[in-house]
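> Give me the fold of what follows.
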Amino acid sequence: GAPGRYNDFARGTIYWSPGTGAHELHGEIRRRYLELGGPSGVLGFPLTDEIGTPDGVGRYNHFSGTTGGSSIYWSPATGAHEVHGAIRAQWAALGWERSRLGYPISGVYGITGGLRSDFQRGSILWHEASGRTEVIYTSVPSTLLGVDLERLPTTQKVVALTFDAGANDAALQSILSTLAANGVPGTFFLTGDWVNHFPSGPALIYNAGHRIGNHSMTHPDFTTLTDAQIAAEIGSAQRTIEAAGGDPLPFFRFPSGARDSRTIADVNAAGYAAIRWTVDTLGWQGTMNGTRGPGFIVQRVMASAQPGEIVLMHLGSNPDDGSTLDAAALPQVIAQLRAAGYGFVTLDAALG
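Just a heads-up that it's a prediction; the model follows:
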């Protein structure tokens, strides 16, 4: 046991330890604290009495914690849930329950390669291999419903580089190396099939600080599918990516770009915003019998450069000539966009 004392009362418990002093716990927060092992659990002794949140809705206690600070937050809508460690530090940096994420709706739980907490409007993932936290916002703004977004809604000179998973992972390492060397983030749209073929791929992407999107399970033409088949394609891909320790919400890209108003509505109903592109580099078409090289890619990107440009590139090699033109062009794409005054963002910028 911990070197402390406690007294139970009709309406709660007072805990005391030499380092933390005496603090009371009651109600749902006390119940969750005891479920987690009380003073000898991950939370340690309370550092505060129960405090009301600034919105007047919730309540919380901070604890001494074995993982660098811990808390339990409660609200009538969400119940009492603990946050601790790097996930708590990230949530605190965003503004606690006043942030876009809102109150926690789960405790901290294990995922492949890390830990996760879910909140009212998103999640925070912690990836052990890199020590990175990843913030996933799951609420799609109404302005993104019913559309297949072709440009980020911004007047700032920013570009989103996006990479769709091709048939293989030929250029993944090259693309990740270029992005890392230049400090540029990207968004990678993966099919469930690709993740099953290259199971270590998602971790390489999210540990490097990039975002992952949903590109369906098997890459069919969605306009030929029933609503139920579409829901299954999206759901299967999501579960496959989650099993690899990532989360594709809230970004979806239609296979081959094939869509109509019905299929966009289906994507929105599954919790996703549909993201198209401003320019397709056509790198996936290969060298066209040696008539195209990396310069062709750079020229296409620069010809469409504008605030909020979404660039469609592919990872994987062309099946006919084995070329990976997008990967080869990427250093020059980044250099020329930067020279023209552009910065780089993930698709999170689409969420406002």
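
> Now Ser174: closest residue in space, sequence neighbours ignored.
Spatial nearest neighbour of Ser174, chain neighbours left out: Ala327 (4.3 Å); criterion: CB to CB, 6 or more residues apart in numbering. Glycine gets a C-beta too; all of them are placed from N, C-alpha and C.

> elements contacting whatever helix or strand the one you found lives in?
Using DSSP states H and E, Ala327 sits in helix 325-339. Judged by 3 or more CB pairs under 8 Å, 6 or more residues apart in numbering; DSSP states H and E, the packing partners of helix 325-339 are strand 158-165, helix 172-182, helix 294-303, strand 309-315.

> Residues touching stretch 168-187, excluding its own?
With CB atoms under 8 Å, 6 or more residues apart in numbering as the test, stretch 168-187 has contacts from 160-163, 194, 197-198, 201, 204-205, 208-213, 251, 275, 313, 315-317, 322, 324, 326-327, 330-331, 334, 344-347.

> So in that sheet, which strands flank the helix or strand Gly110 falls within, and in what orientation?
Gly110 belongs to strand 109-111 when assigned by DSSP H and E. When pairs are called by DSSP bridges, strand 109-111 turns out to pair with strand 114-119 (antiparallel).

> contact partners of the partner strand?
For strand 114-119, the external contacting residues (CB under 8 Å, 6+ apart) are 81, 83, 85, 87, 91, 101-110, 123-129, 245.

> Give me the distance between that strand and the centre of its chain.
The chain centroid and the centroid of strand 114-119 are separated by 11 Å under CA atoms, centre = their mean, to the nearest Å.

> Please apply the same query to stretch 167-185.
Computed by CA atoms, centre = their mean, the chain-centroid distance of stretch 167-185 equals 18 Å.

> end to end, how far does that stretch reach?
Using CA to CA, to the nearest Å, one end of stretch 167-185 lies 22 Å from the other.

> Tell me the buried residues in it?
Neighbour counts over stretch 167-185 (16 or more other CB atoms under 10 Å) mark 167, 169-172, 174-176, 178-179, 184-185 as buried.

> any idea which of those residues is closest to Ala303?
Ala303 lies nearest to Val184 out of the buried residues of stretch 167-185, by CB to CB, at 20.0 Å.

> how close does that closest one get to Ala208?
As for Val184, its distance to Ala208 is 11 Å (criterion: CB to CB, to the nearest Å).

> Point to the residue nearest the middle of this protein.
Geometric centre of the chain, nearest residue: Ile136, 3.6 Å, by CA atoms, centre = their mean.
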